[in-house]
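Chemist: here's my sequence, what's the structure:
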Amino acid sequence: MRFLFTVLFPAVASVALASDLHFAPAEGLELVKTFNEATTWTLDEVTQFVGGEETPVQGLDGFDCDFERNFEFVDSFGAMVDGELRGLRREVRAAFVSADMEMVSPLGTLPLEFAATSDLVGETIVFRNDDEADEMVVELASGEVPSSLEGVDIDADLRALLPDAGAELGDSWVVDNDRLGSLFMPGGDLALLPDSIPELPGGGGMESTDLVASAQLALAFPWRVTEGTAEAEWTGTTEEDGHELITIKLEFDLELAADRTELVRAMCESNGLETDREDLLIEMAWTLEGQGELVWDATAGHFASLQVDLDGKGQVNLTWGEPIGGGQTIEVRVRADVTTETELTATAQTRG
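Modeler: Okay, here's the model as predicted:
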């Protein structure tokens with residue numbers, strides 16, 4: 001397993017300062033945060049089953065997909081009360097994904113592109129605590145509350161990687177799987193909207209785009225962590241310009257899952273593609289192993305940088321009932337097995 005050591009700050013002599021490992025940004029602090037993901041998907045095998053019997057797959061001999069996800073926020077922090085952030089203003093500067101694929105078919109090697117973005121780009125999201133209702137209110141700075149805000153999260157700070165209790169140099173802890181989604185979708189679900197689904201030359205509609213669209217969409221939207229562990233260890237402490245920088249080593253062994261059925265169906269409908277496959281099912285599975293490092297600015301109370309490298313195995317499963325006459329259908333299942341390589345990076349710097 002390749003372990004890539006990248007941090008924003010040069011290593012200096014180990015020190016022990018008074019601050020500790022916790023999330024505590026100062027009220028009024030403005031941070032520019034960037035989050036980037038680059039993943040390569042390579043097809044290992046495509047298998048098709050008709051009525052439970054394996055049959056040759058027609059029209060898809062292989063594909064390679066280079067996927068990128070990019071977010072940039074400017075967060076202005078409100079007050080911390082009893083360890084909880086009570087307010088935040090988030091300017092969304094960038095939120096998009098893109099994918100470039102080369103698909104091998106009987107027609108030859110076909111280049112395909114996919115892109116999606118969020119209509120929240122250019123907007124400022126306001127998180128404010130309603131003391132009377134005892135809840136966090138989420139709205140745009142204009143006061144509007146569009147549906148695209150439904151999945152957003154105040155946490156774009158990698159807080160999920162911190163220990164629940166206090167820690168010191170040499171300590172290790174297990175990260176809660178239910179909170180790991182923030183590693184892949186910082187700031188929550190920003191309602192990324194695909195520009196279009198990839199079209200194959202000569203058309204073909206739904207039948208020729210199901211697998212391609214689902215493969216590219218798989219990484220663009222939230223995943224559920226279903227099994228496995230993520231472990232963290234405080235391995236070092238350094239000082240730079242009066243700031244205590246804590247180095248945390250990360251180890252990942254995870255299983256993720258997602259259902260893309262309604263997403264792909266909605267995309268096809270929005271692009272004028274008709275389908276009578278009411279029983280269409282598109283499911284994804286992804287196993288990931290790897291390592292990384294988080295650098296935490298303990299003096300300022302926020303993350304400084306993150307670097308993670310993950311190797312994975314993915315599976316795309318499509319299932320539907322194919323009409324065979326007389327009002328009957330036969331089950332068709334197509335499974336694509338893929339190998340993945342993923343790099344996650346993040347930085348946080350004071351707005352200057």
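Chemist: from now on I want contacts and neighbour counts done on CA atoms only, so please keep to that.
Modeler: OK.
Chemist: okay, now the unreliable bits of this structure?
Modeler: Scanning the chain with the threshold set as pLDDT under 70 gives 1-19, 195-223, 260, 262-278.
Chemist: any idea which residue is closest to the centre of it?
Modeler: What sits nearest the mean C-alpha location of the chain, by Cα atoms, centre = their mean, is Phe184, with 2.9 Å.
Chemist: what residues are up against Asp297?
Modeler: Listed by Cα atoms under 8 Å, 6 or more residues apart in numbering, the contact partners of Asp297 are 243-246, 303-304.
Chemist: run through the bridge partners of it.
Modeler: Leu245, His302 (DSSP bridges).
Chemist: and the gap between it and Leu85?
Modeler: Distance, Asp297 to Leu85, using Cα to Cα, to the nearest Å: 17 Å.
Chemist: Glu244 now?
Modeler: For Glu244, the distance to Leu85 (Cα to Cα) stands at 22 Å.
Chemist: which one's more surrounded, the two?
Modeler: Per other Cα atoms under 10 Å, whichever of Glu244 and Leu85 has more neighbours is Glu244, with 24 against 20.
Chemist: which residues of the stretch 151-300 of the chain fall in strands?
Modeler: Using DSSP state E, counting those that start in this stretch, the strands of the stretch 151-300 of the chain run over residues 172-174, 192-194, 224-240, 243-259, 281-297.
Chemist: for the fourth one, buried residues please.
Modeler: Judged by neighbour count (16 or more other Cα atoms under 10 Å), strand 243-259 contains these buried residues: 244-259.
Chemist: ok now it, how far from the chain's centre?
Modeler: Strand 243-259 sits 13 Å away from the centroid of its parent chain (Cα atoms, centre = their mean, to the nearest Å).
Chemist: the second one too?
Modeler: Going by Cα atoms, centre = their mean, the spacing between the C-alpha centre of strand 192-194 and its chain's C-alpha centre is 14 Å.
Chemist: contact partners for the spatially closest residue to Val74 that is not a sequence neighbour?
Modeler: Using Cα to Cα, 6 or more residues apart in numbering and skipping the chain neighbours, the partner closest in space to Val74 is Val32 (4.5 Å). The contact partners of Val32, taken as Cα under 8 Å, 6+ apart, are 72-75, 348-351.
Chemist: of the residues you listed, just say which sits nearest to Thr339.
Modeler: Nearest to Thr339 among those, counting by Cα to Cα, is Glu72 at 28.1 Å.
Chemist: contacting residues for that closest one?
Modeler: The contact partners of Glu72, taken as Cα under 8 Å, 6+ apart, are 32-35, 92-95.
Chemist: partners of it in the sheet?
Modeler: Beta-bridge partners of Glu72, as defined by DSSP bridges: Thr34, Ala94.
Chemist: tell me how far it lies from Asn36.
Modeler: Distance, Glu72 to Asn36, using Cα to Cα: 9 Å.
Chemist: how about Trp320?
Modeler: 35 Å.
Chemist: with Ala115 instead?
Modeler: Ala115 is 15 Å from Asn36, by Cα to Cα.
Chemist: can you report how many residues lie near Leu161?
Modeler: Residues near Leu161, counting by other Cα under 10 Å, number 21.
Chemist: that one is in contact with Thr229, isn't it?
Modeler: No. Counting by Cα atoms under 8 Å, Leu161 does not reach Thr229; the two are 11.9 Å apart.
Chemist: mind listing the shared neighbours of those two?
Modeler: Listed as contacting both Leu161 and Thr229 by Cα under 8 Å, 6+ apart are Val175.
Chemist: in terms of neighbours, single out the busier of Ala115 and Asn36.
Modeler: Ala115 (22 against 18).
Chemist: what bridges to the more buried one?
Modeler: Going by DSSP bridges, Ala115 forms beta bridges with Ser98.
Chemist: thought it was touching Asn70?
Modeler: No. The criterion here is Cα under 8 Å, and Ala115 misses it with Asn70 at 11.6 Å.
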